[in-house]
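Colleague: Please work out how this folds:
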Amino acid sequence: MKEVQEWLGHSDYATTANIYSHFEYNSKVSSAQAMSGVLKLK
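Modeller: Below is the predicted model:
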């Protein structure tokens, strides 16, 4: 996230985190959904 902040020129890390942190969350949800489709929990 720090690299993204620097690339975008945000002076404050919180700005970048507030705007882009949902992408990271969505990526985790997508990964969990893909894994749950393959793994069968008992």
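
Colleague: which outside residues touch stretch 23-36?
Modeller: Here stretch 23-36 makes contact (CB atoms under 8 Å, 6 or more residues apart in numbering) with Met1. Where you see a C-beta, it was placed from the backbone N, CA and C, and this is true even at glycine.

Colleague: What helix or strand is Ser36 located in?
Modeller: Assessed by DSSP states H and E, Ser36 sits inside helix 13-38.

Colleague: Tell me the buried residues in that helix?
Modeller: Thr16 (16 or more other CB atoms under 10 Å).

Colleague: mean confidence score for that helix?
Modeller: Mean pLDDT, computed over helix 13-38, is 82.

Colleague: Centre of the chain to it, how far?
Modeller: Relative to its chain's centre, helix 13-38 lies at 3 Å (CA atoms, centre = their mean, to the nearest Å).

Colleague: which residues touch Thr15?
Modeller: Going by CB under 8 Å, 6+ apart, the list of residues near Thr15 reads Gln5.

Colleague: again, 10 Å this time
Modeller: 5, 8 (CB atoms under 10 Å, 6 or more residues apart in numbering).

Colleague: Distance of it relative to Ser21?
Modeller: Per CB to CB, to the nearest Å, Thr15 is found 11 Å from Ser21.

Colleague: same deal with Ala14?
Modeller: Where Ser21 is concerned, Ala14 sits at a distance of 10 Å (CB to CB).

Colleague: Likewise for Glu3?
Modeller: Remark: distance between Glu3 and Ser21 (CB to CB) = 14 Å.

Colleague: And for Met35?
Modeller: According to CB to CB, Met35 stands 21 Å off from Ser21.
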